[in-house]
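S.K.: Got a predicted structure here, sequence first:
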Protein chains: 2
Amino acid sequence: MLSRVFLPIVIFWFSISTFSLAQNSSPYDTLARKIVTTGLQSGKAYTMLTELCTTIGHRLSGSPQAAQAVAWGKNKMNEMGLENVRLESLMVPHWVRGEVEEAFVIHPVTKEKISLSICALGGSIRTPAEGITAEIIEVHTFEELQSLGEKAKGKIIFFNRPMERSKIMTFEAYGGAVNQRGSGAIEAAKAGGVAALVRSMTTAVDDFPHTGSMGYVDTVKKVPSAAISTLDANFLSELLSKEKNVKLHLQLSCETLPEVPSANVIGEILGSEKPNEIVLIGGHLDSWDKGQGAHDDGAGISHTLEAMRLLKELGLRPKRTIRAILFMNEENGLRGGKNYAEKHKNETHVAAIETDAGGASPRGFGVSTDSIRFEKIKRWESLFEIIDADRIKKGGGGADISELGRQGIPTIGLRVDPQRYFDYHHSDNDTIDKVNERELELGATALAILVYLLAEEGL
Amino acid sequence: MLSRVFLPIVIFWFSISTFSLAQNSSPYDTLARKIVTTGLQSGKAYTMLTELCTTIGHRLSGSPQAAQAVAWGKNKMNEMGLENVRLESLMVPHWVRGEVEEAFVIHPVTKEKISLSICALGGSIRTPAEGITAEIIEVHTFEELQSLGEKAKGKIIFFNRPMERSKIMTFEAYGGAVNQRGSGAIEAAKAGGVAALVRSMTTAVDDFPHTGSMGYVDTVKKVPSAAISTLDANFLSELLSKEKNVKLHLQLSCETLPEVPSANVIGEILGSEKPNEIVLIGGHLDSWDKGQGAHDDGAGISHTLEAMRLLKELGLRPKRTIRAILFMNEENGLRGGKNYAEKHKNETHVAAIETDAGGASPRGFGVSTDSIRFEKIKRWESLFEIIDADRIKKGGGGADISELGRQGIPTIGLRVDPQRYFDYHHSDNDTIDKVNERELELGATALAILVYLLAEEGL
């Protein structure tokens, strides 16, 4: 007998697909479908991202790789025939990790040295060459730290509040924990601590430390600050619950060098009727100096370039200008976003879209604007139903376009499935093999559709 | 200055989340939220799946691992306090891959032997011990094969029609290509071919061959049939476009042994008011003998067990009985589904739900029933909006519950993001590291909510 066990599930999915196809409700449906099928059939987002990740790799502002990425991005824009391809120069911070990065605890009973998986947080000062060795003390909030009083003095402060697993939106969980990374060193120093060690910002429990930006204020002593993997944070917490006077040795050789020149990369599809009205789309070209910056934000760069390439391939030139920007220095300074907003403040921007939430399947868009414009965009929802990306929600944008938002320009962020993002974010785990080709291409098609609609219809 | 570059994106996501929270529109909202937060906070789906994948591994019907999986599943149900935990015995096919599995082409010019990444398709006969060496000929459809006439005689037939990349739903692309795997050996033999070599059913281009069920008919000679990785299929196709008389050597030692006893694993939460009305939920416990059967269908097994565990943990006992089934032998015989449907045909089933589309983020459900029942389920959509799984669409179920569907029972399939599934499906690549913990737990919560609603409200 012919085995037909595979047939039922196929038939069900056919029905689902047919059902979706029947929902045509807008004259743009054919266009949207054309963009999606072209992207899935012959999209180049994944090819471009692979090139960026494997021939250049991570690309922190000021690094040689960041300079290579600028040249690469400009070349891509030229290759696909964008107009007005150019670099807009700006200065960026130049922090380097250095050669030495290690930490170990000394077991108070066995005197054994136990290595911990750590990395310096971006912007941290170095330790003295011989490192810092001090007793470690665990806290979960700044209030808890302040309540320690004298007990915190001379200690390494271990901030160990996890991202809340129960939050559905991982970005919300991130928001609930990231002040430890951003301000941990300041709070540690205020309490008399000698360094800050921060639980990595991730929902995963593994051995990767996750870096990210941290800051100092002029009025408080600067102390070094590092991230520890979640596995080792759990280990350390357990050790501290059992033993007293646990000492930790921390050695970092990172430093901040003089600022260096860099650039935003810009290219356009000029509008056929209203070329002075601009729809902006972009992601950020820089990454942290870990992994390959594949999801953060190589994905957004390849989304942006591919959305433009798709429109070019399909010969689509809308009424208004679409301007693609590969922003520099989102991660540790936001110079690209600030520079662009200042330089172009007298131009007419219809809207600004950013893609900086990774390369997973698109779910829709978050939109920050007034209710009339929001409703106009929301009426396009059904066009995105074919790719399950038809969730237009209130509130959206991205760090690079936040300054444009403050100027009153509507800002939009691509929403993708957020569950895996923080597994990779700012760590050696953020590599090309963590990005699925089809999911990435679908994100680019969603952006191509939206940017075309905005440039054709206005807002 | 304190670096605040991480703040904008956090704020946008907060807004999105708040917007979602404001959509409360049903008395079940609190319950749904409780299930989701519990699942994300302390769910056990990923732990159970890890156990199944790493302590047992793949578990083809009839194998020792399949027997271990039956015992494991029963034990899990007992541990979580399900009622009426039992095995329902049945006989299953017993096909084994054997030790030898190889293929190479002999380059017609250089005479070099070039190894190909292949594996026997499930159900195939073996080759003679010395293998089959014959000229290979490429086709894309059965019609093309038939049109070859005499030219196909004595050849190895290479079916190389890819899954269509442009299809948004990968299951639809699978449906458009899988007849080559299911019936390729029959069609090859009808044309006078000596073996069938089939391009792996996957949207990825990589070096993993993907197995899967194939069949024979009594009236046509049986010839061996194997899958070839997509990378090697592309290589072979290119070679054939350049060279004539390319010979391929194929050696398989697989065979079908006598049937062996196995079982479906069943456990229940008895209804408080109408215990004789049953809402069924299940996945399949068997897998192909490749990888660990993590997505297919370890994910469905852990979804099913975790949905039950969540209801138990939260002390939820609805009016009707919820019956969980770990079906045996979905992959190559469907004996579990058929056995259950026959044995329980006189019971009252409210609905049957299957989860067999992998462990990615849930998107909603496909439902096959009349329009009144469909609309009733569709009215629950908003309860799933908090996890972006509120797409109730027409057409759904699963192979194991297809026989119940033919009896007129409403069938429902969990819809998850389908883009990555066929990268792993039936290959050595289907391992636990390809499953994201949070995505898997979210699938279990979606099922827990739906199964509770159906058992409490009826249909």
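M.R.: Perfect, thanks for sending it.
S.K.: And the helices in the stretch 301-450 of chain A, which stretches?
M.R.: A:335-343, A:371-378, A:402-406, A:421-424, A:437-457 (DSSP state H, counting those that start in this stretch).
S.K.: Please name the residues that touch residue A:102.
M.R.: By Cβ atoms under 8 Å, 6 or more residues apart in numbering or on different chains, residue A:102 lies in contact with A:115, A:118, A:131, A:249, A:250, A:251. (C-beta placed from N, C-alpha, C; glycine too.)
S.K.: and the gap between it and residue A:159?
M.R.: Shown here: residue A:102 relative to residue A:159, a distance of 19 Å by Cβ to Cβ, to the nearest Å.
S.K.: Equivalent analysis for residue A:217, please.
M.R.: 17 Å.
S.K.: more neighbours, the two?
M.R.: Neighbours were counted for residue A:217 and for residue A:159 using other Cβ atoms under 10 Å in any protein chain shown; residue A:159 has more, 28 against 14.
S.K.: Can you select the buried ones from the contacts of residue A:102 in PyMOL?
M.R.: Remark: buried members of the contacts of residue A:102, expressed as a PyMOL selection using 16 or more other Cβ atoms under 10 Å in any protein chain shown:
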select buried, chain A and resi 118+131+249+250+251
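S.K.: Out of the contacts of residue A:102, which is nearest to chain B?
M.R.: Checking the contacts of residue A:102 against chain B with Cβ to the nearest Cβ, the nearest one is residue A:118 at 19.7 Å.
S.K.: The closest one contacts residue A:103, doesn't it?
M.R.: Yes - with contact defined as Cβ atoms under 8 Å, residue A:118 counts as touching residue A:103 (4.4 Å).
S.K.: Now do the shared contacts for these two.
M.R.: Contact criterion Cβ under 8 Å, 6+ apart; residues shared by residue A:118 and residue A:103: A:197, A:226, A:228, A:250.
S.K.: Show me the domain layout of chain A.
M.R.: Following automatic domain parsing, chain A resolves into domains at A:25-94+A:258-457, A:98-253.
S.K.: Now do the shortest one: distance to the chain's middle.
M.R.: Right, the one you point to is domain A:98-253. 22 Å (Cα atoms, centre = their mean, to the nearest Å).
S.K.: do the first one as well
M.R.: Taking the mean of its C-alpha atoms, domain A:25-94+A:258-457 sits 12 Å from the chain's own mean (Cα atoms, centre = their mean).
S.K.: That domain near chain B at all?
M.R.: Yes - using Cβ under 8 Å from any Cβ of the partner chain, domain A:25-94+A:258-457 reaches chain B at A:36-38, A:40-41, A:330-334, A:356-357, A:361, A:363, A:366, A:368, A:386-388, A:391, A:393-399, A:402, A:413, A:415, A:417-420, A:423, A:436-439, A:442.
S.K.: Which of the shared contacts of residue A:118 and residue A:103 are buried, as a ChimeraX select command?
M.R.: Selecting only the buried entries of these in ChimeraX, with 16+ other Cβ under 10 Å as the criterion:
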select /A:197,226,228,250
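S.K.: List the buried residues in stretch A:251-271.
M.R.: Neighbour counts using 16+ other Cβ under 10 Å place A:251-254, A:256, A:262-269, A:271 of stretch A:251-271 among the buried residues.
S.K.: Please apply the same query to stretch A:167-186.
M.R.: Quick answer for stretch A:167-186 (16+ other Cβ under 10 Å): A:167-186.
S.K.: Can you give me the neighbour number for the residue of the stretch 201-350 of chain A at minimum distance from chain B?
M.R.: At 3.5 Å from chain B, residue A:215 is the closest residue in the stretch 201-350 of chain A, using Cβ to the nearest Cβ. For residue A:215, the count of nearby residues is 22 (other Cβ under 10 Å).
S.K.: what does residue A:446 give?
M.R.: Neighbours around residue A:446, by other Cβ under 10 Å: 31.
S.K.: I'd like the distance between it and chain B.
M.R.: 12 Å (Cβ to the nearest Cβ, to the nearest Å).
S.K.: for residue A:82, same thing?
M.R.: Separation of residue A:82 from chain B (Cβ to the nearest Cβ) stands at 25 Å.
S.K.: coming back round to it: Throw the contacts of residue A:102 into JSON lines and include secondary structure, thanks.
M.R.: Converted to JSON lines, those look like this (DSSP: H, G, I helix; E, B strand; the rest coil):
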{"residue": "A:115", "secondary structure": "strand"}
{"residue": "A:118", "secondary structure": "strand"}
{"residue": "A:131", "secondary structure": "coil"}
{"residue": "A:249", "secondary structure": "strand"}
{"residue": "A:250", "secondary structure": "strand"}
{"residue": "A:251", "secondary structure": "strand"}
